[in-house]
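*Asks:* Fold the following for me, if possible:
(2 chains)
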Protein chains: 2
Amino acid sequence: MDLYEALYTTRAMRRVAPDPIPVEAITLMLDAAIRAPSGTNAQNWRWVVVTDKPTIAALADLYREAWRVLNETVYAGADRSANPQMQRVFNSSQWLADNFQDVPLVVMPFHRNDPSGASIYPAVWNLMLAARGQGIGTTLTTILGAFRNQQVAELVGVPLDKGWSNAAAIPCGYPLGRWGVAARRPVEEVVYVNRWGEEPGWTVPEPMWSSES
Amino acid sequence: MDLYEALYTTRAMRRVAPDPIPVEAITLMLDAAIRAPSGTNAQNWRWVVVTDKPTIAALADLYREAWRVLNETVYAGADRSANPQMQRVFNSSQWLADNFQDVPLVVMPFHRNDPSGASIYPAVWNLMLAARGQGIGTTLTTILGAFRNQQVAELVGVPLDKGWSNAAAIPCGYPLGRWGVAARRPVEEVVYVNRWGEEPGWTVPEPMWSSES
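*Replies:* Presented below is the predicted three-dimensional model:
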């Protein structure tokens, strides 16, 4: 697969089929993940690959609890009716919460000595891009670590006392939906040149990849 | 460029030439960056693209201060003589500190409402992979934000009171060295299956890309 097609079309793919992922694809995803740089090349990461059904079912229960907490706190009072795009994100997130137990693979990266996250999320994203190249959909979720860190640690046996913490839970599976370029605010609205607030004199001439190409 | 070649060979490229980067490549890097997912698709990011020589020179001075702080604190007492790889990372980091003012382009992503970093570093890494596809070397540095956040904000005009903070400074340029697959601890040593400590029964059969292929 072309690099730019992957960069433009690897979006959150929450609705996935229960069909198992071949071990060859899993090893490839991990082997690509660990090529990413980390601060001082410390590679302070561990990756727990979960395919065991009862463990995924237990993670699903914790995920639903975390999802409920998120909706009762961060999202409390959010008016989605005015924002169709936010409603779509909510609907597919709800689908994931309802169906998490049927996801065939969950990858959970852990990190330590990485307060900014700069040493784990490039590797996480490499894994997700490598999955995209194999036609496997993924989504980066952080609510398990944010709201059920202790329970996840007990379930999976993470030595929290050694400084490890969960960076993400990444459900993976063959997508039920289509790949495509996600809607984003254009570069011209989020980029400044040389100083905050100074708009670029240029525009993006043509994307390197589009769904029509 | 093939996706897997990019995933395997995008390493920290600190030694870069002062030759300018064409604006077409800069816009491409940014357009790829903003395709990455972010929590609730909030896209709570701004990207300051610095090509102005005096601003880069001022950033270079701050970078050297931050590099000195890092060496006097986090790295204090580190014995690099026993670890040739750590010595190489140090040498190229020192090169960057000494030559930062000659880097032709520095991209500085800012984020807010993103405590884990999960909503900015996938986009940051997209930018670095898109650069790789154009033959442009990058390195993800975080010490300016960690040790000189206030000074950077004053220099570039960042509204810290609105919650924005610096996620990285990414020096970019055409590499003086070679591209290649960086040395990493193998997957088998950093991956567990289903539970922490449970080694995988499999090995990685063959990487999707190698320098020999």
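*Asks:* Residue of chain A nearest chain B, please.
*Replies:* A:Gly117 (2.4 Å; Cβ to the nearest Cβ). The way it works is simple: take the backbone N, C-alpha and C, and place the C-beta from them, glycine included.
*Asks:* Excluding chain neighbours, what is closest to that residue?
*Replies:* B:Gly117 (2.4 Å; Cβ to Cβ, 6 or more residues apart in numbering or on different chains).
*Asks:* try A:Asp31
*Replies:* Here the nearest residue to A:Asp31 in space, its sequence neighbours aside, is B:Val204; by Cβ to Cβ, 6+ apart that works out to 4.8 Å.
*Asks:* And A:Ser81, by the same measure?
*Replies:* A:Gln87 (7.1 Å).
*Asks:* same deal with A:Thr27?
*Replies:* Nearest non-adjacent residue to A:Thr27 (Cβ to Cβ, 6+ apart): B:Val204, at 4.7 Å.
*Asks:* now A:Gly157
*Replies:* Going by Cβ to Cβ, 6+ apart, A:Gly157 has B:Trp196 as its nearest residue, at 3.9 Å.
*Asks:* Next up, identify which helix or strand the one you found is on.
*Replies:* Under the criterion DSSP states H and E, no helix or strand holds B:Trp196.
*Asks:* One more: A:Ala12?
*Replies:* Judged by DSSP H and E, A:Ala12 forms part of no helix or strand.
*Asks:* Would you check that it makes contact with A:Leu140?
*Replies:* Yes: applying Cβ atoms under 8 Å, one finds A:Ala12 in contact with A:Leu140, separated by 7.1 Å.
*Asks:* Helices of chain A, residue ranges please.
*Replies:* Assigned by DSSP state H, chain A shows helices spanning A:3-9, A:23-33, A:53-72, A:84-99, A:121-133, A:143-147, A:149-156, A:187-190.
*Asks:* lowest average confidence, helix or strand, in chain A?
*Replies:* Here the helix or strand of chain A ranked lowest by mean pLDDT, DSSP states H and E is helix A:84-99, holding a mean of 93.
*Asks:* For that helix, which residues meet the burial criterion?
*Replies:* Within helix A:84-99, the residues scored as buried using 16 or more other Cβ atoms under 10 Å in any protein chain shown are A:86, A:89-90, A:92-93, A:96-97, A:99.
*Asks:* hey, C-alpha coordinates of that helix in CSV?
*Replies:* Output of helix A:84-99 as CSV, limited to C-alpha atoms (Å, rounded to 0.1, in the frame of the first residue of the first chain):
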residue,chain,number,x,y,z
PRO,A,84,-24.2,15.7,13.2
GLN,A,85,-20.5,14.8,13.1
MET,A,86,-20.3,14.6,16.9
GLN,A,87,-23.5,12.5,16.8
ARG,A,88,-21.9,10.0,14.3
VAL,A,89,-18.7,9.7,16.5
PHE,A,90,-21.0,9.1,19.5
ASN,A,91,-23.0,6.5,17.7
SER,A,92,-20.0,4.5,16.5
SER,A,93,-18.4,4.8,20.0
GLN,A,94,-21.7,3.4,21.5
TRP,A,95,-21.5,0.6,19.0
LEU,A,96,-18.0,-0.3,20.2
ALA,A,97,-19.1,-0.2,23.8
ASP,A,98,-22.0,-2.5,23.0
ASN,A,99,-20.0,-4.9,21.0
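*Asks:* where does chain A dip in pLDDT?
*Replies:* Per-residue confidence for chain A (pLDDT under 70) gives these ranges: A:212-213.
*Asks:* residue closest to the middle of it?
*Replies:* Per Cα atoms, centre = their mean, the C-alpha nearest to the average position across chain A is that of A:Leu140, at 1.3 Å.
*Asks:* Give me the neighbour count for A:Ala60.
*Replies:* Around A:Ala60 sit 20 other residues, with neighbours defined as other Cβ atoms under 10 Å in any protein chain shown.
*Asks:* so the residue nearest to A:Ser81 makes contact with A:Ser93?
*Replies:* No: counting by Cβ under 8 Å, A:Ser93 is not a contact partner of A:Gln87; they are 10.6 Å apart.
*Asks:* picking up where we left off before, report the set of residues contacting both of A:Ala12 and A:Leu140.
*Replies:* Contact criterion Cβ atoms under 8 Å, 6 or more residues apart in numbering or on different chains; residues shared by A:Ala12 and A:Leu140: B:Pro37.
*Asks:* Please name the residues that touch the nearest residue to A:Trp67 once chain neighbours are set aside.
*Replies:* Counting by Cβ to Cβ, 6+ apart, A:Ala97 is the residue found nearest to A:Trp67 once chain neighbours are left out, at 4.4 Å. Applying Cβ under 8 Å, 6+ apart, we find A:Ala97 in contact with A:63-64, A:67.
*Asks:* now, among those, which is nearest to A:Ser165?
*Replies:* Each of those was checked against A:Ser165 using Cβ to Cβ; the closest is A:Tyr63, at 17.2 Å.
*Asks:* what's the span of stretch A:182-195, first residue to last?
*Replies:* Terminal residues of stretch A:182-195 are spaced 28 Å apart (Cα to Cα, to the nearest Å).
*Asks:* Show me which residues of that stretch are buried.
*Replies:* For stretch A:182-195, a neighbour-count test (16+ other Cβ under 10 Å) marks A:182, A:184, A:187, A:190-194 as buried.
*Asks:* So the residue lying closest to A:Ala153 once chain neighbours are set aside versus A:Ala168, what's the distance?
*Replies:* Once flanking residues are discounted, A:Ala153 sits nearest to A:Leu160: 5.0 Å by Cβ to Cβ, 6+ apart. Relative to A:Ala168, A:Leu160 is positioned 16 Å away (Cβ to Cβ, to the nearest Å).
*Asks:* contacting residues around A:Glu65?
*Replies:* Contact analysis of A:Glu65 by Cβ under 8 Å, 6+ apart lists A:147-148.
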